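> turn this into a model:
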Amino acid sequence: MNEGWKRWEGRTVDGVFPLQRFLGETDHSVVFLTERQNLAGEAEGAAIKLFAAEADADKQLARWGAARELDHPNLIRIFAAGRAELDGVGLLYVVEEFAEENLAQILPERALTAEEAGMMLPPVLKALQYVHGRGLVHGRIQPSNVLAIGDQVKLSSDSVGAGELKRAPGAYDPPEAAAGMDSAAGDIWRLGMTLVEVLTQRVPDWDRSGARAPEIPRDIPEPFREIAGRCLQVDVGKRWTTAQIAARLGTGQAAGETGDRMPAAAAVAAVSEWRRADGEVSDQPRHFAKWPYFLLVAVVVMYLMTREKLPSASTGVPAESAQSSGIQPAAPSTPPESAAGGGRNAAAKSDDGIVQRVMPEISPSARRTIRGTIKIRVRVDVDAAGNVTAAKIESGGASRYFSSLALEAAREWKFSPVEGEAGGREWKLQFALSRTRTDASATRAKR
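Residues are numbered from 1 along each chain as shown. Next up is the predicted model:
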């Protein structure tokens, strides 16, 4: 695939699925944000992957059809699949649950802590044991296919099949892949390669032409060093199973047994945890016990697109309640009144030119991931009526989650109307987020 596929934004696949936004590409597919109709007839966000149609297209569609029948909380759901054509290019498409983040996006910045890896593995093992128990093979265990949705880690499912390897072996594939062989044991090898990478930021060195197993770095902590070593056995029969790995982790149950679902994604949930206050990457990863409950980064785009706007609040919100409500009165000393244009909790007049401040709505669990103060600066364009017409992150946008919330809040600000001013105005807003509070300030930009 190439950058030209981004031009397809705005097109529709199969007359049903709009290509709303280009999300990225791999060596074999391109991904867009789309929407689908759920069982209630409502539109909801989803991801659509497009693949070049090849000679075995019918077999691939059959594999996706079988994968649609899979039902496990740690597997990405497939909603639809089919053929399409855009600009004369024959395509296959698959529509899946949308996840904004995956482990491959985190690793360029830092490795996982041992604690995070220990929380990431069990849901992956559960999904794998479910797949293997049905005589299927995942085939593409690697960081980019470990995703987060809501409060759960999920594996991609569009590669699941009966174990036919129809491609050249990749960096994560086992030795037997060179002969076109694949199996559940092949997935265990890929899991071992992935585990080493997420803990070291590097796929282990390995000579595919030799008979020796990859060397496991000595600085990988236990039990992960042993688990990786047991997964990366050249002899297929010596590799551990998912149940053996789960037992070594000390989860108290085999990976496929029922029990409490693992609550959130490894590094994905911790994005804001390891950022500095100024938005730069921290040199020292944090260790924290409750991070799995902090996952709110996944599906941020879908959340922001679909969440309902708050109803117009009554005027006179006390200043001390502004943080919890997400709205701050523009001028506490001025009796609040409804602003022109129907702004929320707006004051009719403001000495500083600001009629309504809207604060990012941050849940307590997300706020607990913040270390120090995160400062996010947003530049907004304001029309003569005082409404924000455009907003753009200027700095501090390293955390997509908090930046998205700040951008959404900035769009709701209101400013004093100015009659007869040509070209509108520009304001610079700064949001300061900490564990205990959210502050905001604004200055008018010089043009």
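
> for the stretch 251-400 of the chain, give me the ranges with low pLDDT.
Low-confidence segments of the stretch 251-400 of the chain, defined by pLDDT under 70: 251-351, 365, 369, 397-399.

> where does the stretch 1-150 of the chain dip in pLDDT?
Scanning the stretch 1-150 of the chain for pLDDT under 70 picks out the ranges 1-4, 150.

> all helices of it, in order?
Using DSSP state H, counting those that start in this stretch, the helices found in the stretch 1-150 of the chain span residues 57-68, 103-106, 114-132.

> in terms of secondary structure, what does the shortest one contact?
With contacts defined as 3 or more C-beta pairs under 8 Å, 6 or more residues apart in numbering; DSSP states H and E, the secondary structure elements packing on helix 103-106 are helix 266-269. Placement of C-beta: from N, CA and C, glycine included.

> mind giving me the domain split of this protein?
As given by automatic domain parsing, the domain ranges for the chain are 3-96, 103-274, 322-444.

> adding distance to Gln244 and mean neighbour count, write the helices of the stretch 1-150 of the chain out as CSV.
Converted to CSV, the helices of the stretch 1-150 of the chain look like this (distance: least, C-beta to C-beta, whole Å; neighbours: other C-beta atoms under 10 Å):
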stretch, distance to Gln244, mean neighbour count
helix 57-68, 26, 16
helix 103-106, 23, 21
helix 114-132, 10, 24
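
> for the ones you listed, which one sits closest to Ala409?
Ala409 lies closest to helix 103-106 among the helices of the stretch 1-150 of the chain, at 24.2 Å (C-beta to C-beta).

> give the contact list for Ser121.
Actually, residue 121 is Leu. It isn't Ser. Neighbouring residues of Leu121 by C-beta atoms under 8 Å, 6 or more residues apart in numbering: Leu195, Ile227, Ile245, Leu249.

> how about the residues you listed in JSON lines, adding pLDDT, neighbour count and secondary structure?
Below are the contacts of Leu121 laid out as JSON lines (pLDDT from 0 to 100; neighbours: other C-beta atoms under 10 Å; DSSP: H, G, I helix; E, B strand; the rest coil):
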{"residue": "Leu195", "pLDDT": "97", "neighbour count": "26", "secondary structure": "helix"}
{"residue": "Ile227", "pLDDT": "97", "neighbour count": "25", "secondary structure": "helix"}
{"residue": "Ile245", "pLDDT": "95", "neighbour count": "29", "secondary structure": "helix"}
{"residue": "Leu249", "pLDDT": "90", "neighbour count": "17", "secondary structure": "helix"}
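
> if I look at the closest residue in space to Lys166 that isn't next to it in sequence, how far off is Gly161?
Leaving aside its chain neighbours, Lys166 sits nearest to Asp56 (6.7 Å; criterion: C-beta to C-beta, 6 or more residues apart in numbering). Asp56 sits at a distance of 11 Å from Gly161 (criterion: C-beta to C-beta, to the nearest Å).

> ok, those two, which is more surrounded?
Gly161 (21 against 12; other C-beta atoms under 10 Å).

> now do the contacts for that one.
Counting by C-beta under 8 Å, 6+ apart, Gly161 makes contact with Arg63, Ala66, Ala67, Leu136, Val137, Gly139.

> run the last query once more with 6 Å
Contact analysis of Gly161 by C-beta atoms under 6 Å, 6 or more residues apart in numbering lists Arg63.

> shift numbering so it begins at 49
Okay, residue one is now 49; in that scheme the one you just asked about reads as Gly209.

> mind listing the residues bridging to it?
Val185 (DSSP bridges).

> circling back to that earlier point, how about the helices of the stretch 49-198 of the chain, which one is nearest Gln85?
Closest of these to Gln85 is helix 105-116, at 15.9 Å (criterion: C-beta to C-beta).

> report the angle between that closest one and helix 162-180.
For helix 105-116 against helix 162-180, the angle by axes from the mean of the first three to the mean of the last three C-alpha atoms, to 10 degrees is 110 degrees.

> and helix 105-116, what other elements does it pack with?
Packed against helix 105-116 by the contact rule (3 or more C-beta pairs under 6 Å, 6 or more residues apart in numbering; DSSP states H and E) you find strand 126-134, strand 137-144.

> mind putting the contacts of Leu169 into a markdown table with distance to Gln68?
Below are the contacts of Leu169 laid out as a markdown table (distance: C-beta to C-beta, whole Å):
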| residue | distance to Gln68 |
| --- | --- |
| Leu243 | 35 |
| Ile275 | 40 |
| Ile293 | 39 |
| Leu297 | 39 |
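
> between those residues, which is nearest Ile124?
Closest approach to Ile124 among the contacts of Leu169 (C-beta to C-beta): Leu243, at 20.2 Å.

> my guess is Glu83 meets Ile96, correct?
No - judged on C-beta atoms under 6 Å, Glu83 makes no contact with Ile96 at a distance of 9.4 Å.

> among the helices and strands packed on helix 105-116, which is nearest Arg287?
Arg287 sits nearest to strand 126-134 of all the helices and strands packed on helix 105-116, at 28.0 Å, using C-beta to C-beta.

> send the alpha carbons of that closest one over as PDB?
Only the C-alpha atoms of strand 126-134 are listed here, as PDB (Å, rounded to 0.1, in the frame of the first residue of the first chain):
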ATOM      1  CA  ILE A 126     -15.700  -8.800  12.800                       C
ATOM      2  CA  PHE A 127     -18.900  -7.300  11.500                       C
ATOM      3  CA  ALA A 128     -18.800  -7.600   7.800                       C
ATOM      4  CA  ALA A 129     -16.500  -8.600   4.900                       C
ATOM      5  CA  GLY A 130     -16.800  -8.600   1.100                       C
ATOM      6  CA  ARG A 131     -15.400  -7.400  -2.200                       C
ATOM      7  CA  ALA A 132     -15.200  -3.900  -3.500                       C
ATOM      8  CA  GLU A 133     -13.600  -1.800  -6.200                       C
ATOM      9  CA  LEU A 134     -12.300   1.800  -6.000                       C
END
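
> could you list the paired strands of that strand along with their orientation?
In the sheet, strand 126-134 lines up against strand 137-144 (antiparallel) (DSSP bridges).

> pull out the buried positions in the strand it pairs with.
Along strand 137-144, these residues count as buried under the neighbour rule (16 or more other C-beta atoms under 10 Å): Leu139, Leu140, Tyr141, Val142, Val143, Glu144.

> with distance to Leu481 added, can I get those residues in JSON lines?
What follows is the buried residues of strand 137-144, written out as JSON lines (distance: C-beta to C-beta, whole Å):
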{"residue": "Leu139", "distance to Leu481": "42"}
{"residue": "Leu140", "distance to Leu481": "43"}
{"residue": "Tyr141", "distance to Leu481": "39"}
{"residue": "Val142", "distance to Leu481": "37"}
{"residue": "Val143", "distance to Leu481": "35"}
{"residue": "Glu144", "distance to Leu481": "32"}
